[in-house]
Structures are given as structure tokens and as C-alpha cells.
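Enquirer: Sequence and predicted structure, then a few things I'm wondering about:
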Amino acid sequence: MKVIRKIYDFIPKYAIKPLILCVLINFSVYSGARLFYKNRVFHDLTTNLDNSIPVVPIFIVFYLGSYLFWIFNYILISRISEDNCYRLAISDILGKLTCFIIYITFPTTNVRPELTSTNVFVDMLKFLYSVDAANNLFPSIHVLVSWYCFAGIRCNKTIPLWYRYFSLFMAVMISISTLTTKQHVIADVIAGVVLAELTWQFSLQLQLYKLKKLIKQEA
């Protein structure tokens, strides 16, 4: 019981189910979309501008480090208030489901570079290529989630200003890392930011996050 209390001290009880649901939706969308890819025609959205962006292996640190950033900020956003937690969850789910629809109706891919040199960052990038197929690209979920991490705290004055700026910095650097690791192209990044903003604002306008109150009342 002491362990559970400690967890609740860090992650509010009301946030447990919404955050777990976000994780489950993420894996379901990412893996589920690939079930529809057999014999499909894939579109390559790579432009000349994308081709001019060099591979910068050290940016793999931002790309893989994004997972820690996501975990921390999703919990931080959820701790602000219960409404904020549900708004984040609704936005996240709407964004991921939109990604799923786009992935299966307009599948995209890109051509990854051949990495001939070797160092710790190149080896990490090679490993990423070996475990992550070049699909599920447009919009970029990496960018989508990173932008939620910034959007969820940018106007909240209970969060120190320096950390709000740091979250913006991380969201931008993670977005850049998707390009410099050749995991994504510019169109994927733009679509990720736009989708995050649309779903974040959409959830506020419709106040979908307040549906939890109706659910609780009916229960």
C-alpha cells in the first residue's frame, strides 16, 4: 500500500487511467496501422529541401530522449488539474486516431541513407533503422506528442517560465531530430504540429474533457 501511495503522490489517482489509455492508443495506432500495409502503394513526400538537410547522428539523443520528456511532461500536465489531464488525454487520443486514419488511407515512406561510418551515435541510428520501419510517417507522432508536451503547459503560470521555454526548446529539437535522423520529412513535422494544435484547441472549444463528469454521474 505504501508503494501505491507513493505512486499517487507523483501521479494523481485520476490521471492513472487516462495516461494508460494514451499509451495503449499509441501502441495500437502504431502497430495496428501496419496491418493494413500489405500490397499498398506508399507515397514519398521527400522534397529537395529535405534532401538538403544533412544526417546529424548526434540528434539521435533528442529523438530517443523524447520518451523521457513525454513521460515527465504528460505527468506534469496531468498534475495541474483533473480537467487539464482529461483535456490532454482527449487531445492525444483524437490526434492518434487521426494519424491512424491518415496512415491507412495515405501511407507514406521515405528512403533512408546508408550509414557507412561508425561511432556511438551512428550505431544508435543504425539500431533505430533496424527496429523501426520507414512507415507511419505523416503526420509525425514524435512531433505530435512533443508539441502536446509544450501546449499543455505554455499558458500555465503555475509552471516556472524557464521550464515552459525548455519544453518549447525540447519540442523544437525533437522535431528537428526527426529530420536530421531521416526518420521523417518536413511535411511530416508540419502536419504533426498542426494536428497537435488543432486537437488541443478542438478539445477546449467542445470541452470534451468535461465528459468525465457525465460519466462519473452516470456511474
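Expert: Good, I have the coordinates. None of the values given here were measured: they were computed from a predicted structure.
Enquirer: C-alpha only now, for contacts and for neighbours.
Expert: Fine.
Enquirer: buried residues in the biggest helix by length in the chain?
Expert: Using DSSP state H to define each element, the chain has its longest helix at helix 82-105. In terms of neighbour count (16 or more other Cα atoms under 10 Å), helix 82-105 has its buried residues at 82-97, 99-100, 102-104.
Enquirer: so how far is that helix from its chain's centroid?
Expert: Averaging C-alpha positions (Cα atoms, centre = their mean, to the nearest Å) puts helix 82-105 10 Å from its chain's average.
Enquirer: Show me what whichever helix or strand comes after it is packed up against.
Expert: With elements assigned by DSSP states H and E, the helix or strand that comes after helix 82-105 is strand 108-109. With contacts taken as 3 or more Cα pairs under 8 Å, 6 or more residues apart in numbering; DSSP states H and E, strand 108-109 sits against strand 43-44.
Enquirer: Partner strands of the strand it packs on and their direction?
Expert: For strand 43-44, the paired strands and their directions (DSSP bridges) are strand 108-109 (parallel).
Enquirer: Name the next helix or strand downstream of the partner strand, please.
Expert: Immediately after strand 108-109, counting by DSSP H and E, sits helix 120-131.
Enquirer: and whatever helix or strand comes next after that next one, what's its mean pLDDT?
Expert: For helix 120-131, the following helix or strand on the C-terminal side (DSSP H and E) is helix 141-151. Mean pLDDT, computed over helix 141-151, is 98.
Enquirer: List the contacts of helix 141-151.
Expert: Residues outside helix 141-151 that contact it (Cα atoms under 8 Å, 6 or more residues apart in numbering) are 66, 69-70, 73-74, 77, 88, 92, 95-96, 99, 164, 167-168, 170-171, 174-175, 178, 189, 192-193, 195-197, 200.
Enquirer: could you redo the last one with a cut-off of 6 Å?
Expert: Residues outside helix 141-151 that contact it (Cα atoms under 6 Å, 6 or more residues apart in numbering) are 73, 167, 168, 171, 175, 192, 193, 196.
Enquirer: What strand or helix carries the second one?
Expert: In other words, residue 167. Per DSSP H and E: helix 161-180 holds residue 167.
Enquirer: in the next helix or strand after that helix, what counts as buried?
Expert: Proceeding N to C from helix 161-180, the next assigned helix or strand is helix 186-206, under DSSP H and E. Buried residues in helix 186-206, counted by 16+ other Cα under 10 Å: 186-197, 199-200, 202-204.
Enquirer: With stretch 32-43 instead?
Expert: 33, 34.
Enquirer: Could you tell me the end-to-end distance of that stretch?
Expert: Between the opening and closing residues of stretch 32-43 lies a distance of 19 Å (Cα to Cα, to the nearest Å).
Enquirer: residues in contact with that stretch?
Expert: Counting by Cα under 6 Å, 6+ apart, 104, 107, 108 sit against stretch 32-43.
Enquirer: Quick one: residues contacting the first one.
Expert: Shown here is residue 104, whose contacts under the criterion Cα under 6 Å, 6+ apart are residue 33.
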